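Asker: make a model of this:
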Amino acid sequence: MKHNTIMMRWIYWLGWMSFGAAYRTLFGLRIEGKEHLITDGPVLVAANHQSFLDPPLIGNLYDEEMYFLARKTLFVGLGKWLYRQWNAIPVDQERPDMASLKTMVKLLHRGEKVLVFPEGERSETGALGKGQPGVGLIVAKANVRVQPVRIRGAMDALPRGSGRIRFARIVVSIGPAIDFSGQDYQGKEGYQKIADRIMAEIEAL
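Answerer: Predicted coordinates for the structure are as follows:
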């Protein structure tokens, strides 16, 4: 069992190193605001969503493992095994339920780094969409700091609906942490206010 666990961790870090090298060499990755990066304790990283390249792109900001949601249709064949090794949590985008959100809250309570895309899906135009209340629920229940991140260029590198990678400069901008502690946000309206604040911080980057 211990051997299997070590192997799975190696698969995660092998992917981390491979993607990191690709971003730097193929896309000239530039990171802005790295001094704002939260490295201690649990954090919910909230980023805009442009491309399939986004999860490993954000994961490369940290020298610790990160967890993220991925649509359940990706968990087939080899993907079912591989995505789990990369700490992906399956979610049904057509019929979302509370299970995946509860899993993320538990991970944050455990002290992990968790990535969420407040818009819920990749942008078709590159413009920022509206944040969904689910991210507000996670923040309210987990009571953790939020790390806003904005991605530019990933859509040009791998657009939605395309399977062909293009060479484009990718820039990741990191903003100061958002602290919602001491504020009472309850119900869908309160959760939406959190989501709106997070998206406003991302837009400002």
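
Asker: okay, CA-based contacts and neighbour counts for the rest of this
Answerer: Noted.

Asker: so Ala154 touches Pro55, yeah?
Answerer: No. Using C-alpha atoms under 8 Å, Ala154 makes no contact with Pro55, being 11.0 Å away.

Asker: and the closest residue to Leu37 other than its chain neighbours, backbone torsions?
Answerer: Closest residue to Leu37 in three dimensions, ignoring its sequence neighbours and counting by C-alpha to C-alpha, 6 or more residues apart in numbering: Ile174, at 6.8 Å. Reported as degrees, to the nearest 10, the phi and psi values for Ile174 are phi -110, psi 130.

Asker: residues contacting Ile174?
Answerer: Contacts for Ile174 (C-alpha atoms under 8 Å, 6 or more residues apart in numbering) come out as Ile31, Glu32, Gly33, Lys34, His36, Leu37, Gln147, Pro148, Val149, Arg150, Leu205.

Asker: if I look at the residue nearest to the spatial centre of the chain, how far off is Leu82?
Answerer: When the chain is reduced to its mean C-alpha position, the closest residue under C-alpha atoms, centre = their mean turns out to be Leu115, at 3.0 Å. Applying C-alpha to C-alpha, to the nearest Å, one obtains 18 Å for the distance of Leu115 from Leu82.

Asker: and for Pro148?
Answerer: Spatial separation of Pro148 from Leu82 under the definition C-alpha to C-alpha is 27 Å.

Asker: looking at the two, which is more packed in?
Answerer: Neighbours around Pro148 and Leu82, counted as other C-alpha atoms under 10 Å, are more numerous at Pro148. The numbers are 26 against 18.

Asker: name whatever forms a beta bridge with that one.
Answerer: Ala46 (DSSP bridges).

Asker: you'd agree it is up against Leu37?
Answerer: No. Distance between Pro148 and Leu37: 9.3 Å, which falls outside the contact criterion (C-alpha under 8 Å).

Asker: quick check: neighbours shared by the two?
Answerer: Residues touching both Pro148 and Leu37 by C-alpha under 8 Å, 6+ apart: Ile174, Gly175, Pro176, Ala177.

Asker: from the contacts of Ile174, list the buried ones, please.
Answerer: Leu37, Gln147, Pro148, Val149, Arg150, Leu205 (16 or more other C-alpha atoms under 10 Å).

Asker: Lys141: which of these is nearest?
Answerer: Nearest to Lys141 out of the buried ones among the contacts of Ile174 is Gln147 (C-alpha to C-alpha; 16.3 Å).

Asker: any idea how far Val45 is from the closest one?
Answerer: As judged by C-alpha to C-alpha, Gln147 and Val45 stand 5 Å apart.

Asker: which residues do these two both contact?
Answerer: Between them, Gln147 and Val45 have no joint contacts when contacts are counted by C-alpha under 8 Å, 6+ apart.

Asker: sorry, back to before: closest one of the buried ones among the contacts of Ile174 to Leu128?
Answerer: Distance to Leu128, by C-alpha to C-alpha, is smallest for Arg150 among the buried ones among the contacts of Ile174, at 9.7 Å.
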